[in-house]
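In: Fold the stuff below for me.
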Amino acid sequence: MQEVYTADAALAADTAPYAARLGVVGNPIAHSRSPQMQMAALRAAGIPGTYVRVLAEREGDDFERTLSSLQRMGFCGLNITVPFKYRAFAAVDASADPLAALCGSCNTLAWRNRWVGWNTDGPGFARAIREFCGRELAELRIVLMGACGGAGSALACQCALSGCRHLTLVNRPKPALQALEQKLSPHAAVQAVAVGEDDARRTAVQQADLVVNATSLGLVPGDELPLPAEWLSPHQAVYDIVPHPTPLQAAAAERGCRAADGTAMLLWQGAYAFEKWFGSMPDTAAMRAALLA
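Out: Here you go, the predicted structure:
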(Lines give C-alpha, C1' and ligand atoms only; values in the text may rest on other atoms or scores of the structure.)
Protein backbone atom coordinates (compact mmCIF):
# COMPACT_ATOMS: atom_id res chain seq x y z
CA MET A 1 0.00 0.00 0.00
CA GLN A 2 1.21 3.49 -0.82
CA GLU A 3 2.97 5.27 2.08
CA VAL A 4 1.45 8.76 1.77
CA TYR A 5 -1.73 9.94 0.05
CA THR A 6 -3.34 13.20 -0.84
CA ALA A 7 -7.12 13.43 -0.56
CA ASP A 8 -8.06 12.53 -4.12
CA ALA A 9 -9.88 9.81 -6.05
CA ALA A 10 -6.89 7.47 -5.90
CA LEU A 11 -7.21 7.36 -2.13
CA ALA A 12 -10.85 6.37 -2.40
CA ALA A 13 -10.02 3.63 -4.89
CA ASP A 14 -7.26 2.19 -2.72
CA THR A 15 -9.41 2.07 0.42
CA ALA A 16 -12.66 1.00 -1.23
CA PRO A 17 -12.53 -2.69 -0.12
CA TYR A 18 -12.38 -1.80 3.56
CA ALA A 19 -15.24 -1.35 6.00
CA ALA A 20 -13.42 1.07 8.29
CA ARG A 21 -11.43 3.85 6.67
CA LEU A 22 -9.08 5.70 8.98
CA GLY A 23 -6.08 7.97 8.58
CA VAL A 24 -3.68 10.49 10.04
CA VAL A 25 -3.53 13.97 8.47
CA GLY A 26 -0.46 16.19 8.73
CA ASN A 27 2.48 17.83 7.00
CA PRO A 28 5.05 16.31 7.10
CA ILE A 29 3.43 12.90 7.50
CA ALA A 30 5.65 10.19 5.96
CA HIS A 31 7.39 9.60 9.29
CA SER A 32 4.19 8.78 11.22
CA ARG A 33 4.16 5.45 13.07
CA SER A 34 0.41 5.60 13.68
CA PRO A 35 -0.46 3.29 10.73
CA GLN A 36 1.52 0.32 12.08
CA MET A 37 -0.02 0.82 15.52
CA GLN A 38 -3.62 1.30 14.39
CA MET A 39 -3.51 -1.49 11.82
CA ALA A 40 -2.43 -3.84 14.63
CA ALA A 41 -5.41 -2.63 16.68
CA LEU A 42 -7.81 -3.23 13.80
CA ARG A 43 -6.47 -6.75 13.20
CA ALA A 44 -6.65 -7.63 16.91
CA ALA A 45 -10.26 -6.41 17.06
CA GLY A 46 -11.24 -8.28 13.90
CA ILE A 47 -12.29 -5.06 12.18
CA PRO A 48 -11.75 -5.04 8.40
CA GLY A 49 -10.22 -1.65 7.81
CA THR A 50 -7.27 0.39 6.70
CA TYR A 51 -5.37 3.32 8.19
CA VAL A 52 -3.30 5.56 5.91
CA ARG A 53 -1.16 8.69 6.01
CA VAL A 54 -2.76 11.75 4.38
CA LEU A 55 -0.74 14.80 3.36
CA ALA A 56 -2.47 18.20 3.44
CA GLU A 57 -0.85 21.43 2.34
CA ARG A 58 -0.03 23.89 5.11
CA GLU A 59 -1.35 27.01 3.36
CA GLY A 60 -4.82 28.03 2.21
CA ASP A 61 -7.91 25.92 2.77
CA ASP A 62 -6.41 22.56 1.79
CA PHE A 63 -6.87 21.13 5.31
CA GLU A 64 -10.59 21.92 5.34
CA ARG A 65 -10.97 20.57 1.79
CA THR A 66 -9.13 17.42 2.88
CA LEU A 67 -11.65 16.88 5.70
CA SER A 68 -14.52 17.26 3.24
CA SER A 69 -12.93 14.91 0.73
CA LEU A 70 -12.22 12.23 3.32
CA GLN A 71 -15.80 12.41 4.57
CA ARG A 72 -17.11 11.92 1.03
CA MET A 73 -14.83 8.90 0.66
CA GLY A 74 -16.36 7.29 3.72
CA PHE A 75 -13.62 7.84 6.30
CA CYS A 76 -15.01 7.30 9.79
CA GLY A 77 -12.05 8.43 11.91
CA LEU A 78 -8.95 10.58 11.71
CA ASN A 79 -5.94 11.51 13.74
CA ILE A 80 -4.63 15.04 13.24
CA THR A 81 -0.99 15.98 13.72
CA VAL A 82 1.36 18.90 13.07
CA PRO A 83 0.49 21.58 12.06
CA PHE A 84 -3.30 21.15 11.92
CA LYS A 85 -4.49 20.51 15.48
CA TYR A 86 -5.69 24.09 16.05
CA ARG A 87 -7.34 24.21 12.64
CA ALA A 88 -9.06 20.91 13.36
CA PHE A 89 -10.57 22.37 16.54
CA ALA A 90 -11.88 25.35 14.59
CA ALA A 91 -13.36 23.12 11.87
CA VAL A 92 -15.24 20.53 13.97
CA ASP A 93 -17.60 20.13 16.93
CA ALA A 94 -15.40 19.59 20.00
CA SER A 95 -17.95 20.72 22.58
CA ALA A 96 -18.04 17.34 24.32
CA ASP A 97 -14.36 17.42 25.34
CA PRO A 98 -13.33 19.82 28.14
CA LEU A 99 -9.64 19.36 27.34
CA ALA A 100 -10.08 20.22 23.65
CA ALA A 101 -12.16 23.25 24.62
CA LEU A 102 -9.51 24.46 27.07
CA CYS A 103 -6.48 24.00 24.80
CA GLY A 104 -8.27 24.81 21.53
CA SER A 105 -6.86 21.85 19.62
CA CYS A 106 -7.99 18.40 18.45
CA ASN A 107 -5.97 15.37 17.44
CA THR A 108 -8.83 12.89 17.02
CA LEU A 109 -11.92 13.20 14.80
CA ALA A 110 -14.87 10.86 14.20
CA TRP A 111 -17.60 11.22 11.58
CA ARG A 112 -21.04 11.23 13.22
CA ASN A 113 -23.10 13.04 10.61
CA ARG A 114 -20.51 15.78 11.17
CA TRP A 115 -16.85 15.76 12.25
CA VAL A 116 -16.67 15.54 16.05
CA GLY A 117 -13.33 16.16 17.76
CA TRP A 118 -11.40 15.38 20.93
CA ASN A 119 -7.90 15.79 22.25
CA THR A 120 -6.46 12.44 23.31
CA ASP A 121 -2.89 13.76 23.62
CA GLY A 122 -3.61 14.84 27.19
CA PRO A 123 -5.12 11.56 28.46
CA GLY A 124 -2.42 9.65 26.56
CA PHE A 125 0.25 11.69 28.33
CA ALA A 126 -1.37 11.18 31.74
CA ARG A 127 -1.49 7.40 31.22
CA ALA A 128 2.13 7.34 29.98
CA ILE A 129 3.33 9.28 33.03
CA ARG A 130 1.42 6.94 35.34
CA GLU A 131 3.29 4.01 33.74
CA PHE A 132 6.63 5.82 33.81
CA CYS A 133 6.56 7.43 37.26
CA GLY A 134 4.05 5.25 39.10
CA ARG A 135 2.34 8.48 40.18
CA GLU A 136 -0.55 10.62 39.00
CA LEU A 137 -0.05 14.11 37.54
CA ALA A 138 -1.76 15.58 40.62
CA GLU A 139 1.10 14.31 42.80
CA LEU A 140 3.93 15.85 40.79
CA ARG A 141 5.79 19.12 40.49
CA ILE A 142 6.23 19.43 36.72
CA VAL A 143 8.32 21.61 34.41
CA LEU A 144 6.91 21.59 30.87
CA MET A 145 9.22 22.90 28.14
CA GLY A 146 7.59 23.95 24.89
CA ALA A 147 4.31 24.71 26.64
CA CYS A 148 2.87 26.86 23.84
CA GLY A 149 3.26 24.32 21.03
CA GLY A 150 0.44 22.21 19.63
CA ALA A 151 1.29 19.22 21.82
CA GLY A 152 2.71 21.24 24.69
CA SER A 153 -0.42 23.31 25.24
CA ALA A 154 -2.55 20.15 25.40
CA LEU A 155 -0.18 18.64 27.97
CA ALA A 156 -0.21 21.87 29.99
CA CYS A 157 -4.01 21.87 30.01
CA GLN A 158 -4.09 18.19 30.99
CA CYS A 159 -1.71 18.84 33.89
CA ALA A 160 -3.86 21.74 35.07
CA LEU A 161 -7.17 19.87 34.75
CA SER A 162 -5.58 16.98 36.66
CA GLY A 163 -4.73 19.31 39.55
CA CYS A 164 -0.96 19.11 39.11
CA ARG A 165 0.82 19.91 42.39
CA HIS A 166 2.80 22.70 40.69
CA LEU A 167 3.26 23.40 36.98
CA THR A 168 5.98 25.56 35.42
CA LEU A 169 5.37 26.52 31.80
CA VAL A 170 8.54 27.19 29.79
CA ASN A 171 8.54 28.67 26.31
CA ARG A 172 10.23 31.29 24.18
CA PRO A 173 9.02 34.76 25.19
CA LYS A 174 5.67 35.39 23.52
CA PRO A 175 2.26 36.73 24.56
CA ALA A 176 0.84 33.22 24.35
CA LEU A 177 2.93 32.13 27.34
CA GLN A 178 1.38 34.67 29.71
CA ALA A 179 -2.07 33.97 28.26
CA LEU A 180 -1.64 30.24 28.91
CA GLU A 181 -0.57 30.92 32.49
CA GLN A 182 -3.65 33.05 33.10
CA LYS A 183 -5.95 30.48 31.49
CA LEU A 184 -4.63 27.61 33.62
CA SER A 185 -4.21 29.41 36.95
CA PRO A 186 -7.83 28.71 38.07
CA HIS A 187 -7.14 24.98 37.78
CA ALA A 188 -3.68 24.53 39.36
CA ALA A 189 -0.63 26.30 40.80
CA VAL A 190 1.01 27.59 37.61
CA GLN A 191 3.94 29.84 36.80
CA ALA A 192 5.31 30.90 33.41
CA VAL A 193 9.06 31.21 32.78
CA ALA A 194 10.42 32.42 29.46
CA VAL A 195 13.47 30.91 27.80
CA GLY A 196 16.30 33.29 28.71
CA GLU A 197 15.18 33.68 32.33
CA ASP A 198 17.85 31.21 33.36
CA ASP A 199 17.78 31.73 37.12
CA ALA A 200 14.04 31.10 37.27
CA ARG A 201 14.27 28.16 34.86
CA ARG A 202 17.10 26.57 36.85
CA THR A 203 15.22 26.92 40.14
CA ALA A 204 12.05 25.44 38.66
CA VAL A 205 13.92 22.49 37.15
CA GLN A 206 15.81 21.77 40.36
CA GLN A 207 12.55 21.72 42.34
CA ALA A 208 10.68 19.50 39.87
CA ASP A 209 9.79 15.84 40.20
CA LEU A 210 9.20 15.55 36.44
CA VAL A 211 10.74 17.49 33.54
CA VAL A 212 8.87 17.17 30.23
CA ASN A 213 10.25 18.15 26.83
CA ALA A 214 7.46 19.10 24.42
CA THR A 215 9.73 21.23 22.20
CA SER A 216 10.90 20.13 18.77
CA LEU A 217 14.48 19.82 20.05
CA GLY A 218 15.45 16.17 19.66
CA LEU A 219 13.54 15.50 16.46
CA VAL A 220 16.70 16.00 14.41
CA PRO A 221 20.09 14.37 15.23
CA GLY A 222 22.50 16.97 16.55
CA ASP A 223 19.83 19.18 18.13
CA GLU A 224 20.95 21.09 21.20
CA LEU A 225 19.52 20.21 24.61
CA PRO A 226 16.41 22.15 25.70
CA LEU A 227 18.11 22.82 29.08
CA PRO A 228 21.61 22.46 30.58
CA ALA A 229 22.09 18.87 31.74
CA GLU A 230 23.77 20.00 34.97
CA TRP A 231 20.44 21.35 36.20
CA LEU A 232 19.13 17.78 36.52
CA SER A 233 19.44 15.57 39.61
CA PRO A 234 19.24 11.78 40.06
CA HIS A 235 15.93 11.89 41.95
CA GLN A 236 14.12 13.35 38.93
CA ALA A 237 12.26 11.83 35.99
CA VAL A 238 12.66 13.22 32.46
CA TYR A 239 10.04 12.54 29.79
CA ASP A 240 10.63 13.49 26.15
CA ILE A 241 7.49 13.31 24.00
CA VAL A 242 9.60 12.62 20.89
CA PRO A 243 8.92 8.88 20.30
CA HIS A 244 12.54 7.85 19.82
CA PRO A 245 15.82 8.25 21.77
CA THR A 246 17.09 11.83 21.97
CA PRO A 247 20.17 13.62 23.35
CA LEU A 248 18.08 14.85 26.30
CA GLN A 249 17.25 11.31 27.34
CA ALA A 250 20.91 10.31 27.11
CA ALA A 251 22.03 13.35 29.10
CA ALA A 252 19.38 12.73 31.76
CA ALA A 253 20.44 9.09 32.11
CA GLU A 254 24.05 10.18 32.54
CA ARG A 255 22.92 12.42 35.40
CA GLY A 256 21.24 9.43 37.07
CA CYS A 257 17.68 10.41 36.17
CA ARG A 258 15.00 8.07 34.95
CA ALA A 259 14.38 8.97 31.32
CA ALA A 260 11.86 7.86 28.70
CA ASP A 261 10.79 8.76 25.18
CA GLY A 262 7.26 9.42 23.97
CA THR A 263 6.42 5.93 22.68
CA ALA A 264 3.97 5.28 25.53
CA MET A 265 2.22 8.60 24.95
CA LEU A 266 1.94 7.79 21.23
CA LEU A 267 0.47 4.41 22.15
CA TRP A 268 -2.11 5.68 24.62
CA GLN A 269 -3.29 8.69 22.63
CA GLY A 270 -3.85 6.25 19.76
CA ALA A 271 -5.68 3.80 22.01
CA TYR A 272 -8.01 6.52 23.27
CA ALA A 273 -8.59 7.63 19.67
CA PHE A 274 -9.56 4.05 18.75
CA GLU A 275 -12.02 4.07 21.66
CA LYS A 276 -13.63 7.24 20.27
CA TRP A 277 -14.00 5.64 16.83
CA PHE A 278 -15.32 2.21 17.87
CA GLY A 279 -16.64 2.56 21.43
CA SER A 280 -14.22 0.19 23.15
CA MET A 281 -10.53 0.13 24.01
CA PRO A 282 -8.22 -1.73 21.61
CA ASP A 283 -5.64 -4.42 22.33
CA THR A 284 -2.87 -2.12 23.56
CA ALA A 285 -0.40 -5.02 23.84
CA ALA A 286 -0.76 -5.61 20.09
CA MET A 287 -0.37 -1.89 19.42
CA ARG A 288 2.73 -1.66 21.62
CA ALA A 289 4.31 -4.66 19.92
CA ALA A 290 3.70 -3.08 16.50
CA LEU A 291 5.29 0.19 17.62
CA LEU A 292 8.35 -1.57 18.97
CA ALA A 293 8.76 -4.00 16.07
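
In: Looking at the helix or strand in which Phe63 is found now, give me its mean pLDDT.
Out: For Phe63, the host element (DSSP states H and E) is helix 62-72. Averaged across helix 62-72, pLDDT comes to 93.

In: Give me the buried positions along that helix.
Out: By neighbour count with 16 or more other CB atoms under 10 Å, helix 62-72 contains the buried residues 62-63, 66-67, 69-71. C-betas here are computed from N, CA, C, even on glycine.

In: so which of these would you say is closest to Glu254?
Out: Phe63 (41.4 Å; CB to CB).

In: which ones are touching the nearest residue to that closest one once chain neighbours are set aside?
Out: With CB to CB, 6 or more residues apart in numbering as the criterion, Phe63 has its nearest non-adjacent residue at 4.7 Å, and that residue is Ala56. Contact partners of Ala56, counting by CB atoms under 8 Å, 6 or more residues apart in numbering, are 6-7, 25-27, 62-63, 66, 84.

In: 6 Å - rerun?
Out: Neighbouring residues of Ala56 by CB atoms under 6 Å, 6 or more residues apart in numbering: 25, 27, 62-63, 66.

In: That one and Gly270: what is the separation?
Out: Counting by CB to CB, to the nearest Å, the gap from Ala56 to Gly270 is 20 Å.

In: Surely Ala264 and Ala128 touch.
Out: Yes: contact criterion CB atoms under 6 Å: Ala264 and Ala128 qualify, at 3.8 Å.

In: what mean pLDDT does the helix or strand Ala128 falls within have?
Out: Taking DSSP H and E as the criterion, Ala128 maps to helix 121-133. The pLDDT scores in helix 121-133 average 97.

In: now the next helix or strand after that helix against helix 121-133, angle please.
Out: The helix or strand immediately downstream of helix 121-133 is strand 141-145, counting by DSSP H and E. Interaxial angle of strand 141-145 relative to helix 121-133 (axes from the mean of the first three to the mean of the last three CA atoms, to 10 degrees): 120 degrees.

In: any low-confidence regions in this structure?
Out: Where the chain drops to pLDDT under 70, the residues are 1-2, 7-18.

In: how about the helices of it, start to end?
Out: Applying DSSP state H to the chain gives helices spanning 9-15, 34-45, 62-72, 85-91, 98-103, 121-133, 150-161, 175-184, 198-207, 247-254, 263-278, 284-292.

In: count of neighbours near Ala45?
Out: For Ala45, the neighbour count with other CB atoms under 10 Å is 16.

In: what's the nearest residue to it if we skip its chain neighbours?
Out: Closest residue in space to Ala45, ignoring its immediate chain neighbours: Pro282 at 6.0 Å, by CB to CB, 6+ apart.

In: Noted, bye for now.
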